[in-house]
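Asks: Whatever this is, show me its structure:
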Amino acid sequence: MTPRYNRCVRALGLIVVVVACGGEPAPPAEIRETDHELPGWVPLPPPNVTTAKPQPWVTDGRPTLLLFSASWCASCYASLLTDVAIAEAYGDRFQVGVALVENSDVEFSKSPMARLLADVPVWSADSVRTFATRCGAEAIPLACLVDRGRIVYRGSADSARKLLDAYGQGRFEAALAAAAAARANVVAKLGLGVFAPADIAEIVAATHGDPGWQNSLAWQLATRDHASPTDLALAVALARDVVGDEGGLDFLHLDTYQLALSKAGFPDQAAAVSWRVLHLCKTVSAECMIEKRRAWAYIYYARERNKPRN
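Replies: Below you'll find the predicted structure:
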């Protein structure tokens, strides 16, 4: 399955944003709307009074987690609050900071991103350029863990949490092996094309802690041309696990969730998630036009569906 990520790439002075889209076929009648309960959301932060000022990266001796981002990268705004949460959660064990990519200090400081990252270390692009090359930061957002000059991990920031915990406890290799085995098992199960409703909880549990991959699986299942009720039930379960675990801080993950809910026959719940998408996009000052268009469509559909019929 192709991962569903929005990536920013700057080349020859152009910004290229890759966005995946899906259709809206009629929901299956077998799924009842009362069967799904939404998770709770983390309160969205108020605007910071101060702004972040990029500083040169200087090692403090601890392993360094670089969260590559840039104010020109539209999809980087989706993971901003996740970056803040990771910095707060792991800053006592790792040297964590937002590493700018092809972003001047002046350009960054004038952006909404600077205000959102006021409480997080931000490292200037020049000071982390070597790491950007070695970590392969041509596509961002990207997380890269470096320890004593060795690249330990590169991938999505939200999927790094479980591995960061394992690394700090000296069981990183075991965690990598377990994650690979879980992925292989899930791919084999889904590759058969048929799985029982009882398998859904097992698949969600096997993929828990890898929200980037869970989101990709949910998106692929929800956008299948002939998605079965079981496909859609798994898509909803995976998407719920992602947004529930992170508290609804990434509008791309919420977009997958609202799409899966709508297609699975939960219009009111989809509309409730859509309001979160709209509030989150406003909080992080992101355009996220495709996600907002879908959100308004789901809200409109739920309102029309609930209108009294003469």
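Asks: mind checking how far the residue nearest to residue 283 when sequence neighbours are not counted is from residue 279?
Replies: Leaving aside its sequence neighbours, residue 283 sits nearest to residue 44 (C-beta to C-beta, 6 or more residues apart in numbering; 4.7 Å). For every residue, glycine as well, the C-beta is placed using N, CA and C. As for residue 44, its distance to residue 279 is 6 Å (criterion: C-beta to C-beta, to the nearest Å).
Asks: So for stretch 291-305, what gets flagged as buried?
Replies: 291, 292, 294, 295, 297, 298, 299, 301, 302 (16 or more other C-beta atoms under 10 Å).
Asks: Which residues outside that stretch are in contact with it?
Replies: 24, 251-252, 254-255, 258-259, 261-262, 267-268, 270-271, 273-275, 277-278, 281 (C-beta atoms under 8 Å, 6 or more residues apart in numbering).
Asks: Any of those buried? List them.
Replies: 251-252, 254-255, 258-259, 261-262, 267-268, 270-271, 273-274, 277-278, 281.
Asks: now the buried residues of stretch 291-305 in CSV, with secondary structure, pLDDT and distance to residue 66?
Replies: As requested, the buried residues of stretch 291-305 are exported to CSV (DSSP: H, G, I helix; E, B strand; the rest coil; pLDDT from 0 to 100; distance: C-beta to C-beta, whole Å):
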residue, secondary structure, pLDDT, distance to residue 66
291, helix, 93, 26
292, helix, 93, 30
294, helix, 94, 32
295, helix, 96, 32
297, helix, 95, 37
298, helix, 94, 36
299, helix, 95, 38
301, helix, 92, 41
302, helix, 92, 41
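Asks: Which of those sits closest to residue 183?
Replies: Relative to residue 183, the closest of these is residue 291; by C-beta to C-beta it sits at 26.9 Å.
Asks: Off-centre distance for the helix or strand containing residue 270?
Replies: Assignment of secondary structure by DSSP states H and E places residue 270 within helix 267-283. Distance of helix 267-283 from its chain centroid, counting by C-alpha atoms, centre = their mean, to the nearest Å, is 15 Å.
Asks: Which elements pack onto it?
Replies: Judged by 3 or more C-beta pairs under 8 Å, 6 or more residues apart in numbering; DSSP states H and E, helix 267-283 is in contact with helix 251-264, helix 289-306.
Asks: Go through the ones you listed and name the closest to residue 199.
Replies: For residue 199, the closest of the helices and strands packed on helix 267-283 is helix 251-264, at 16.6 Å, according to C-beta to C-beta.
Asks: Can I get that closest one as CSV, trimmed to CA atoms?
Replies: Provided in CSV are the C-alpha atoms of helix 251-264 (Å, rounded to 0.1, in the frame of the first residue of the first chain):
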residue,chain,number,x,y,z
PHE,A,251,-5.4,17.7,10.6
LEU,A,252,-4.2,15.1,8.0
HIS,A,253,-5.0,12.3,10.4
LEU,A,254,-8.3,13.9,11.3
ASP,A,255,-9.1,14.2,7.5
THR,A,256,-8.6,10.4,7.2
TYR,A,257,-10.9,9.9,10.2
GLN,A,258,-13.7,12.1,8.8
LEU,A,259,-13.5,10.4,5.4
ALA,A,260,-13.6,6.9,6.9
LEU,A,261,-16.5,7.8,9.2
SER,A,262,-18.5,9.3,6.3
LYS,A,263,-18.0,6.4,4.0
ALA,A,264,-18.7,3.9,6.9
